[in-house]
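[1] what would the 3D arrangement of this be:
(2 chains)
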Amino acid sequence: DAGITQSPRHKVTETGTPVTLRCHQTENHRYMYWYRQDPGHGLRLIHYSYGVKDTDKGEVSDGYSVSRSKTEDFLLTLESATSSQTSVYFCAIIRDSLFYEQYFGPGTRLTVT
Amino acid sequence: AQTVTQSQPEMSVQEAETVTLSCTYDTSESNYYLFWYKQPPSRQMILVIRQEAYKQQNATENRFSVNFQKAAKSFSLKISDSQLGDTAMYFCAFMKFRTGTASKLTFGTGTRLQVTL
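    Numbers count the residues shown, from 1 in each chain, chains lettered A, B, ... in the order given. Here you go, the predicted structure:
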């Protein structure tokens, strides 16, 4: 157990509404990541963070923003949700002592209607 | 950019038998890691095994082992003595490594493995 929680675990929202997903870790690791999982695509990186207020884009960052004001929390925001953002979202961390292994949260299933 | 290819969308194996899942990758990097992740119906992503590119010896974790062919850019996963609990989606993943930078994973599209009685 890597001490990662995600909230909410499930959410249904309407097109055009803002949505924020939260990733929380209890072990003060520096690196955190947001991925989305879609059939036929595996997992794809949206954004990542390498410290408080330090974030960068991944390969599918359009339509998403992130924030990290505290070490333990990494927020993913969909400013105006679209149906193409219906997906399962995973948060991941790298343990500082095992810098090459990512550990994942339980995922959030988001449906945009 | 790196790419990871899993050419077997679905596979099936009988309990107690051995199965091999294929993965190929494309990269110009010399320092990298390869992983297999398991995703059971619970949706949790579970790290199964890791291989460092600089190591010639194939990694082994209990019933799971890999065949790492660096020149061929191939990284297959062998599951021995398959169990019903091995039923899951399996993802191959690549991570290039550079000191001081965030290590990002590139995933394949997955292979769905069904273990049958």
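
[2] rest of the way, CA atoms for contacts and neighbours
    Noted.

[3] hey, which strand is longest across chain A?
    strand A:42-51 (DSSP state E).

[4] so how far is B:S7 from the closest residue to A:V19 other than its chain neighbours?
    Nearest non-adjacent residue to A:V19, counting by Cα to Cα, 6 or more residues apart in numbering or on different chains: A:L78, 5.1 Å away. Remark: distance between A:L78 and B:S7 (Cα to Cα, to the nearest Å) = 33 Å.

[5] neighbour-wise, which of these two wins?
    More crowded of A:L78 and B:S7, by other Cα atoms under 10 Å in any protein chain shown: A:L78, with 18 against 14.

[6] let me see the contact set for the residue in chain B that chain A sits nearest to.
    Closest contact between chain B and chain A, by Cα to the nearest Cα, is at B:T109 (4.1 Å). Shown in contact with B:T109 (Cα atoms under 8 Å, 6 or more residues apart in numbering or on different chains): A:39-43, B:4-6, B:9, B:91.

[7] repeat that for B:F75.
    B:22-25, B:34, B:66-69.

[8] show me which pair in these is furthest apart.
    B:Y25 and B:V66 (14.3 Å; Cα to Cα).

[9] more crowded one of those two?
    Between B:Y25 and B:V66, counted using other Cα under 10 Å, B:V66 has the larger neighbour count: 24 against 21.

[10] okay, and the spatially closest residue to B:L77 that is not a sequence neighbour sits in which element?
    Spatial nearest neighbour of B:L77, excluding adjacent residues (Cα to Cα, 6+ apart): B:V66 at 4.6 Å. Per DSSP states H and E, B:V66 falls inside strand B:64-69.

[11] what does that strand contact?
    B:48-49, B:51, B:56, B:58-60, B:74-80.

[12] buried subset of those residues?
    With neighbours counted by 16 or more other Cα atoms under 10 Å in any protein chain shown, these contain buried members at B:48-49, B:51, B:59-60, B:74-80.

[13] angle of the next helix or strand after the strand holding B:V66 against strand B:64-69?
    Using DSSP H and E, the helix or strand that follows strand B:64-69 in sequence is strand B:74-79. Calculated by axes from the mean of the first three to the mean of the last three Cα atoms, to 10 degrees, strand B:74-79 forms an angle of 160 degrees with strand B:64-69.

[14] centre-most residue in chain A?
    By Cα atoms, centre = their mean, chain A has its centre lying nearest to A:W34, at 3.0 Å.

[15] tell me the secondary structure at it.
    strand (DSSP: H, G, I helix; E, B strand; the rest coil).

[16] not counting residues beside it along the chain, what's closest to it?
    Using Cα to Cα, 6+ apart, the closest residue to A:W34 is A:C91 (4.7 Å).

[17] now the helix or strand in which A:F90 is found against strand A:42-51, angle please.
    Assigned by DSSP H and E, A:F90 falls within strand A:87-94. On the basis of the same axes, to 10 degrees, strand A:87-94 is oriented at 40 degrees to strand A:42-51.

[18] packing partners of strand A:87-94?
    strand A:4-7, strand A:31-38, strand A:102-104, strand A:108-112 (3 or more Cα pairs under 8 Å, 6 or more residues apart in numbering or on different chains; DSSP states H and E).

[19] turn the ones you listed into CSV, including mean pLDDT.
    Below are the helices and strands packed on strand A:87-94 laid out as CSV (pLDDT from 0 to 100):
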stretch, mean pLDDT
strand A:4-7, 96
strand A:31-38, 95
strand A:102-104, 91
strand A:108-112, 97
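
[20] I'd like the ones you listed laid out as a markdown table, including distance to B:G85.
    Output for the helices and strands packed on strand A:87-94, formatted as a markdown table (distance: least, Cα to Cα, whole Å):
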| stretch | distance to B:G85 |
| --- | --- |
| strand A:4-7 | 23 |
| strand A:31-38 | 22 |
| strand A:102-104 | 20 |
| strand A:108-112 | 23 |
